[in-house]
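K.L.:
the following block contains a protein sequence and its predicted model.
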Amino acid sequence: MTRRIGILTGGGDCPGLNAVIRAAVKTARGYGWEIIGIRDGFDGLRRVDTFRLSRERIKGILPQGGTILGSTNKCDPFCVRVGDQVEDQSDQVVENFKLEGLDALITIGGDGTQAIAWKFFQLGIPVVAVPKTIDNDLYATDITFGFDTAVETATLAIDKLHPTAESHERVMVVEVMGRGAGWIALHAGIAGGADVILIPEISFDLDHVCQAVQRRYDIGRDFAIVVVAEGARIRDDQLGPPGTGNPITGSRRTDRIGQYIQEKTGHDVRAMVLGHLQRGGSPTTFDRVLGSRLGAAAVRLVRDGQYGKMVAVRGNTLVPVDMAEVAGKVRTVDLDHDVVQTARDLGISFGDRPI
């Protein structure tokens, strides 16, 4: 009997999603199975919005950004808002899974998607997970696809800001994504030659940031680049309501960081937010290969009956890990990580120490 595997993409879109989908379809075809695409994450199972992923459907999608399945980060079947009420419609999803004749489900997503997938596994749906997030913050895996492309995008943006910063002797404050983890800021900051990198894991003092900026001008380098992760934390009330560790989120806060630097140093400052630009574009070679490896490996786990597992990257090897180990957890930057030490050795400030 032909085996039918459902596949969905949940949470924010990410370069490399289509590479995973394509690899899963091609691998499943080799076993004589068919893959059923589910639109808009778990909401597609709740609404029964599915279609067969034929050879024609996946033609030419490898270099495409986004996802041909669509995605959403606003639908949790365990918590669906209906008018003024919140309903648990997970039973409907389980029933629809059976009605569609699906034998297994591959979920591609980050911590939120995997937390929901784990719940459905506990309700009896055979689930295999593929880690996805540009933030590289999914627990139990060394790297996620999409991260390399996002870092490349952020680095290119920083590269383009260098000439204009130097020409006008300005300080450029660049916000990148990373609410709970500073991987993008850390890697793009080093690759882009930033002078200051602010990440959620290291709370900072704006006066220390200003000192690092001023040091640049004191040595005759009359411009500076400050890279800010959207979730970077200030130590005290320098920018808003009192309270240690206020989160720095959104363009308004980034603008205020720039204003503070300008007021304290007297240098011209410009602030910009890269935002969803980091989610778009064609995936890098690395992400195409990694996405393809993960998609094929997910189907192999289905073949072997290893449900309740996520395909993780450990070193350069793909290994199955229990979804219970992953669900709802975030992988933050280890302060002893050699990349953090490398940044310090290069003279990059994290705003946590005086110059």
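P.N.:
Arrived safely, thanks for sending.

K.L.:
what's the neighbour count on residue 59?
P.N.:
Neighbours of residue 59 under the rule other C-beta atoms under 10 Å: 9. Quick note: C-beta positions are derived from backbone N, CA and C, even for glycine.

K.L.:
next one, pLDDT for it please.
P.N.:
Here the pLDDT value assigned to residue 59 is 94.

K.L.:
that one: what secondary structure?
P.N.:
Secondary structure state of residue 59, per DSSP: H, G, I helix; E, B strand; the rest coil, is coil.

K.L.:
residue 271 versus that one, what's the distance?
P.N.:
The gap separating residue 59 from residue 271 is 42 Å, by C-beta to C-beta, to the nearest Å.

K.L.:
do residue 77 as well
P.N.:
With C-beta to C-beta as the criterion, residue 77 and residue 271 are 39 Å apart.

K.L.:
same question for residue 132.
P.N.:
Computed as C-beta to C-beta, the residue 132 to residue 271 distance reads 29 Å.

K.L.:
which of the two has more neighbours?
P.N.:
Neighbours were counted for residue 132 and for residue 271 using other C-beta under 10 Å; residue 132 has more, 30 against 22.

K.L.:
just checking, that one touches residue 143?
P.N.:
No - at 11.2 Å, residue 132 and residue 143 do not qualify as touching, with contact defined as C-beta atoms under 8 Å.

K.L.:
so where's the protein uncertain?
P.N.:
Within the chain, the stretches with pLDDT under 70 are 1-2, 237-251.

K.L.:
how does the chain divide into domains?
P.N.:
The chain breaks down into these structural domains: 4-145+283-315, 150-279+335-345 (assignment by automatic domain parsing).

K.L.:
report the distance from the longest one to the chain centre.
P.N.:
The gap between the average C-alpha position of domain 4-145+283-315 and the chain average comes to 15 Å, counting by C-alpha atoms, centre = their mean, to the nearest Å.

K.L.:
first to last residue in it, what's the distance?
P.N.:
With C-alpha to C-alpha, to the nearest Å as the measure, the ends of domain 4-145+283-315 fall 32 Å from one another.

K.L.:
which residues are in contact with residue 347?
P.N.:
In this structure, residue 347 makes contact with residue 195, judged by C-beta atoms under 8 Å, 6 or more residues apart in numbering.

K.L.:
Three-state assignment for it, please.
P.N.:
Secondary structure for residue 347, judged by three-state DSSP, is coil.
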